[in-house]
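*Asks:* model the following, please.
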Amino acid sequence: MQIPKTQVTAIAHNPSWRARYLRRFGRDEDGSIIILTILLLITMLILGGMAVDFMRYEARRATLQSVSDRAVLAAASLNQQIDPGLIVEDYFAKAGFADALRDAPVVVDNGNSRSVTVRSALDVDTFYLRLAGMDRLTAPAQASATEGVGKVEIALVLDISGSMRFSNRFANMQAAAIAFAEEVLDPANGGTVSLTIIPYAGATNPGPEMFAYMGGVRYPDTLLPGDDGILGTEDDYFFPQVSSCVEMEGSDWSTTGLPAAGRPQVPHFQTWDIAPQVMDWGWCPQDKSSIQYALASAAQARTFINNLRMHDGTGTHYAMKYALAALDPSSQPAFQHLSHPSRGLVPPEFANRPAAWDDPETKKIIVLMTDGQITVQERPRIPQQERDIDRTILQSIHGKNNRGTVIGESTNVARFEAICTLANEPARHVDVYTVAFEVPRNSPADRQMRGCASDPSMFFRTSGAELIEVFSGIAERITDLRLNL
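*Replies:* Numbering: from 1, shown residues only. Have a look, this model is predicted:
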């Protein structure tokens, strides 16, 4: 509003006019929107600029955190021999963040585990926040990784039934099992990881020493006629005691420990024809293929696995029973018995295993593989009857009127499922990995393995040499790698 000069003079000399025009000027709103717009525009520019600066800050912080995570994971690996601090510095340098390390990496290595902690920070220059007096933002990042095996008890259950002789399955199983043993029994894990190997065919052999510890009842030494077929001549011989399997009853499948004391011996027999060049005679694996308890040596495991021979039948439920018993703390007296220097079947450092179910420092693992479904359990009518002239105790009952007790397939499967249920009860903290090896999808064996696994991610269906990769992958899972951010 423009006031004429005559009015300005009048207003200056007339107080009432001066007051009136001041009131009019105060009520005049011309130009106020422009001022408000300028103020809002400045505010919006500042806020928008702040958002840009914060986005740049967060992007740089996320990148720095990612580099920190990868650096500590690599440095904490027990499989590498380079100084962990140098690995961290190399990761940061190659990412262009060499100056971001605020302190030297903190490394704690006790041989069985390694922990690496890194603290870093990066200054991010601002474009707009400096208008508010903030020239830079500091993006911090901290990462810590620990790799260690802690205490681990593993039961590795291997199918050595006759069907494994086809398609190179047995050789692939041996290679996979050896790779697994070498991974988990790495010398760096000495004194912390025990590996019990449980081969099985129609039955599972706990070994002659464990057989005696459990009070197994052997068939008496029976004198049999020799080549002349006449008892009481110099050709007579005793029925060989070459295996040590025990029979189990229904009550054994409702408990997690070893079979009850006083069980009778499984007779030495076979049902199906065998390939003698790769198989040994017998439904129960012979003592040289019996369970090996709490191994600490990869070399010992390798020798045992390489010397395994296949046998007749598939009694997966027996093997699973012994696998869970090998992790049951009630078996500790048995381990102590086997560790006695006069026996030497368990290393002294593992004499106090298995640990309690809820021991927070101990992992309990079962790895179970098979190439076929659980079969019926047949027994000979006359357990110690010789069957051929060359005294190799060939007592084949298939196709002969020599069958005795028969336990049906459905009962055996139900027992397998019962022991799997016991193993997977949360209070026991057991991880069960299962492998269906060259098994048709949705076949009985496939369903049995899938149902026994603790989690769908712990079930594997594989074939051929891929079994080695599966076993190696399971071994890597067992190695405890934790990322703490």
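
*Asks:* which parts of the stretch 301-450 of the chain are strands?
*Replies:* 362-370, 377-380, 403-407, 430-437 (DSSP state E, counting those that start in this stretch).

*Asks:* just the stretch 101-250 of the chain next, same as before
*Replies:* 106-109, 113-125, 136-148, 151-159, 193-200, 223-224, 237-238.

*Asks:* which one of the ones you listed is the most hemmed in?
*Replies:* Among the strands of the stretch 101-250 of the chain, strand 193-200 has the highest mean neighbour count (mean count of other CB atoms under 10 Å), at a mean of 26. (Each C-beta comes from the backbone N, C-alpha and C, glycine too.)

*Asks:* nearest to Asp99, out of the strands of the stretch 101-250 of the chain?
*Replies:* Taking CB to CB, strand 113-125 is the member of these nearest to Asp99, at 8.2 Å.

*Asks:* and the closest one, what does it pack against?
*Replies:* helix 32-76, helix 84-94, strand 106-109, strand 136-148 (3 or more CB pairs under 8 Å, 6 or more residues apart in numbering; DSSP states H and E).

*Asks:* ok, now with 10 Å
*Replies:* If you count contacts as 3 or more CB pairs under 10 Å, 6 or more residues apart in numbering; DSSP states H and E, strand 113-125 packs onto helix 32-76, helix 84-94, strand 106-109, strand 136-148, strand 480-484.

*Asks:* mean confidence (pLDDT) on the longest one, please.
*Replies:* Looking back up the chat, that one is helix 32-76. Throughout helix 32-76, pLDDT has a mean value of 83.

*Asks:* now swap in the third one and tell me
*Replies:* The predicted model assigns strand 106-109 a mean pLDDT of 90.

*Asks:* pipe the helices and strands packed on strand 113-125 into CSV and attach distance to Gly215 per row.
*Replies:* Output for the helices and strands packed on strand 113-125, formatted as CSV (distance: least, CB to CB, whole Å):
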stretch, distance to Gly215
helix 32-76, 48
helix 84-94, 52
strand 106-109, 47
strand 136-148, 40
strand 480-484, 38
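
*Asks:* closest to Pro264 out of these?
*Replies:* Of the helices and strands packed on strand 113-125, nearest to Pro264 by CB to CB is strand 480-484, at 42.3 Å.

*Asks:* identify the bridge partners of the residue nearest to Gln65 when sequence neighbours are not counted.
*Replies:* For Gln65, ignoring the flanking residues on the chain, the nearest one in space by CB to CB, 6 or more residues apart in numbering is Ala141 at 4.4 Å. Beta-bridge partners for Ala141, by DSSP bridges, are Ser120.

*Asks:* go through stretch 67-87 and flag the buried ones.
*Replies:* 67-69, 71-78, 84-85, 87 (16 or more other CB atoms under 10 Å).

*Asks:* picking up where we left off before, quick one, which of the strands of the stretch 101-250 of the chain is nearest to Gly282?
*Replies:* The nearest among these, by CB to CB, is strand 193-200 at 12.3 Å.

*Asks:* next, the distance between the ends of stretch 178-198.
*Replies:* 14 Å (CA to CA, to the nearest Å).

*Asks:* from the buried residues of stretch 67-87, pick the one nearest Phe97.
*Replies:* Val67 (5.9 Å).

*Asks:* would you agree that closest one is in contact with Glu89?
*Replies:* No. Between Val67 and Glu89 there is no contact under CB atoms under 10 Å: 11.4 Å.

*Asks:* overlap in contacts of the two?
*Replies:* Val118 (CB atoms under 10 Å, 6 or more residues apart in numbering).

*Asks:* of all the helices and strands packed on strand 113-125, which one is nearest Gln292?
*Replies:* Of the helices and strands packed on strand 113-125, nearest to Gln292 by CB to CB is strand 480-484, at 23.9 Å.

*Asks:* returning to that earlier point: mind putting the buried residues of stretch 67-87 into CSV with distance to Gln292?
*Replies:* Converted to CSV, the buried residues of stretch 67-87 look like this (distance: CB to CB, whole Å):
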residue, distance to Gln292
Val67, 45
Ser68, 43
Asp69, 40
Ala71, 40
Val72, 37
Leu73, 34
Ala74, 35
Ala75, 36
Ala76, 32
Ser77, 29
Leu78, 25
Pro84, 35
Gly85, 40
Ile87, 37
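
*Asks:* for those, which one is nearest Arg165?
*Replies:* Leu78 (37.4 Å).

*Asks:* what's the spacing between that closest one and Thr479?
*Replies:* 8 Å (CB to CB, to the nearest Å).

*Asks:* identify the contacts common to those two.
*Replies:* 147-149, 186, 189.

*Asks:* I'd like the mean pLDDT over stretch 141-159, please.
*Replies:* 89.

*Asks:* next one: that stretch to chain centre, how far?
*Replies:* Distance of stretch 141-159 from its chain centroid, counting by CA atoms, centre = their mean, to the nearest Å, is 8 Å.

*Asks:* quote the end-to-end distance of it.
*Replies:* 49 Å.

*Asks:* what's the answer for stretch 420-434, then?
*Replies:* OK, stretch 420-434 end separation, CA to CA: 11 Å.

*Asks:* over to stretch 257-273?
*Replies:* 34 Å.

*Asks:* buried sites along it?
*Replies:* Quick answer for stretch 257-273 (16+ other CB under 10 Å): 258-259, 263, 265-272.

*Asks:* stretch 124-135 now?
*Replies:* Neighbour-count burial for stretch 124-135 [16+ other CB under 10 Å]: 124, 126, 128-129.

*Asks:* distance to Ser244 and pLDDT for those residues - can I get that in TSV?
*Replies:* Shown next, in TSV, are the buried residues of stretch 124-135 (distance: CB to CB, whole Å; pLDDT from 0 to 100):
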residue	distance to Ser244	pLDDT
Val124	71	88
Thr126	78	85
Tyr128	81	76
Leu129	79	78
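
*Asks:* right, I'll call it a day here.
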